[in-house]
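S.K.: Pasting the sequence and the predicted model now:
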Amino acid sequence: MTALGLGVYFPILRNNSKGLPTGNSILQLNPDQIADLAIYRDWLLHSCEADIGYPAGDLSIEIMKSGDLEFRKLDVTIESSEDNITSCEIHRKIEFGIVFTSDMEKATIRCTVMNKYFPDTPAFFSNNETVALIPSDACKDNTVYKSIRVHPTNCHYYVECLHKEPYGHACHHNLCLGIYSVDTCNYCNLVTCPNTNISCSTATTNQKKTVNMTVHADQIVGLTSPRTSNLHTCTGYIGNRTGDIKVEIQLEGNDDYQTISPSYIIETDTTENCEIIRVLKFWIGFTVAMYNATIRCKATNGLKPDDLPMYSNHEMLSMVPSDFCNQNFNGTNRYNHPTNCNRFVTCEEKVTYVHACPSPLCFSLENDQCDWCFNVQTCT
């Protein structure tokens, strides 16, 4: 330590002084881990910081691929390197890019610190991080400018689709986005993560499989652009990828169902006992012809092609015209649904949205809230 007047001290590293690396190192992988991109995205970098001793030691990145027995040096491109010199020590932070390949799935990556000035001291290692790849074609069926999708293997991450391009992002700390989520991360104990366990059980495989459907209350006639935060959902076993889930509709007055092609879909597959469970999230551009129609989901099992299809519960549509809010002159208001007491309509300026009360409540216009149905006088 050197004094500089009035008892003020600051550290000076002498040319002949040495500082042993302390071993403190932290690796952070950016969740944007896209398989087989030709280049990495230099605005979505990974980082490692470590105390590398004095004189400066070497800070490198190592990888051990799934099935390998030892780490090897990984070739990365260092975009930035910053040294913070303290008393007898250099703290270095690097930001770097990785070109991920499909054989890196579930690989382990770490930072390594070695200092040639201390040859008898072993290398120091950071925390391990596991690679969680996103397929480069994860957004191939995206038909809107932007949508959110579940990550194939890591619930703490999610995939953002910008047109056909996938980007990996992380939920906030301790939150997850599951296979039934639409576009919002939630507490992890409240979501269902993709099942990566591919073990088989004959007893479970032979159990009767069901199909479930959830229809969002936001059923507006005449919309032309998908509302990707208000999607309907079908969930069921399809066996293998030759199986499928379709949406069917029975128009009022018709005896038969017909297949309908949703305007927007997101398919998420997860495996349980060697059978694929598919979650189909979809949006329909409702038309006037669909008033009082009934919809259902139909699942075919690719492992059992001779079995009859499975059908979900059916639900009658309760639609609202898109010009409903032309009556609204007071900004954001809430109104009775024209046909369904368990729902209500909100108007944001002239834009119409429909919401559902928690079951089994009804909307009370008098109290401007959902209430027990026997207390509601304005709905019959």
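M.R.: Sure thing, it's come through.

S.K.: In this structure residue 241 contacts residue 302, no?
M.R.: Yes: Residue 241 lies in contact with residue 302 (CB atoms under 8 Å); the separation is 6.6 Å. The way it works is simple: take the backbone N, C-alpha and C, and place the C-beta from them, glycine included.

S.K.: Give me the more crowded residue out of those two.
M.R.: residue 302 (15 against 10; other CB atoms under 10 Å).

S.K.: How about the contacts made by the more buried one?
M.R.: Listed by CB atoms under 8 Å, 6 or more residues apart in numbering, the contact set of residue 302 reads 238-244.

S.K.: Name the nearest residue to residue 341, ignoring sequence neighbours.
M.R.: Distance criterion CB to CB, 6 or more residues apart in numbering; nearest residue to residue 341, sequence neighbours excluded, is residue 379 at 3.7 Å.

S.K.: ok, which stretches of the protein are helices?
M.R.: In the chain, the segments counted as helices under DSSP state H are 202-205.

S.K.: middle-most residue in it, spatially?
M.R.: Geometric centre of the chain, nearest residue: residue 158, 2.6 Å, by CA atoms, centre = their mean.

S.K.: which stretches of the stretch 201-350 of the chain have low pLDDT?
M.R.: Within the stretch 201-350 of the chain, the segments meeting pLDDT under 70 span 201-208, 328-332.

S.K.: Now do the strands for it: every range, in order, please.
M.R.: All strands of the stretch 201-350 of the chain, identified by DSSP state E, counting those that start in this stretch, fall at 211-214, 220-221, 232-239, 244-250, 258-260, 264-272, 275-283, 294-300, 310-311, 315-316, 320-321, 333-336, 343-348.

S.K.: I'd like to check what contacts the fifth one. Which residues are they?
M.R.: Identification of contacts with strand 258-260 by CB under 8 Å, 6+ apart yields 246-251, 284, 295, 298.

S.K.: Which members of these are classed as buried?
M.R.: Neighbour counting with 16 or more other CB atoms under 10 Å marks 246-250, 284, 295, 298 as buried within those.

S.K.: JSON lines for those, including distance to residue 348?
M.R.: Formatted as JSON lines, the buried ones among the contacts of strand 258-260 follow (distance: CB to CB, whole Å):
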{"residue": "246", "distance to residue 348": "33"}
{"residue": "247", "distance to residue 348": "28"}
{"residue": "248", "distance to residue 348": "32"}
{"residue": "249", "distance to residue 348": "29"}
{"residue": "250", "distance to residue 348": "32"}
{"residue": "284", "distance to residue 348": "21"}
{"residue": "295", "distance to residue 348": "26"}
{"residue": "298", "distance to residue 348": "35"}
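
S.K.: Let me know how buried the residue nearest to residue 341 is, in neighbour terms.
M.R.: Residues lying near residue 379 (other CB under 10 Å) number 17.

S.K.: same check, this time on residue 51
M.R.: 22.

S.K.: what sits against it?
M.R.: 21-25, 89-91, 113.

S.K.: Format the strands of the stretch 201-350 of the chain as a markdown table; extra columns: distance to residue 356.
M.R.: Output for the strands of the stretch 201-350 of the chain, formatted as a markdown table (distance: least, CB to CB, whole Å):
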| stretch | distance to residue 356 |
| --- | --- |
| strand 211-214 | 11 |
| strand 220-221 | 14 |
| strand 232-239 | 12 |
| strand 244-250 | 20 |
| strand 258-260 | 22 |
| strand 264-272 | 20 |
| strand 275-283 | 17 |
| strand 294-300 | 16 |
| strand 310-311 | 23 |
| strand 315-316 | 12 |
| strand 320-321 | 12 |
| strand 333-336 | 13 |
| strand 343-348 | 5 |
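
S.K.: Thanks a lot, catch you later.
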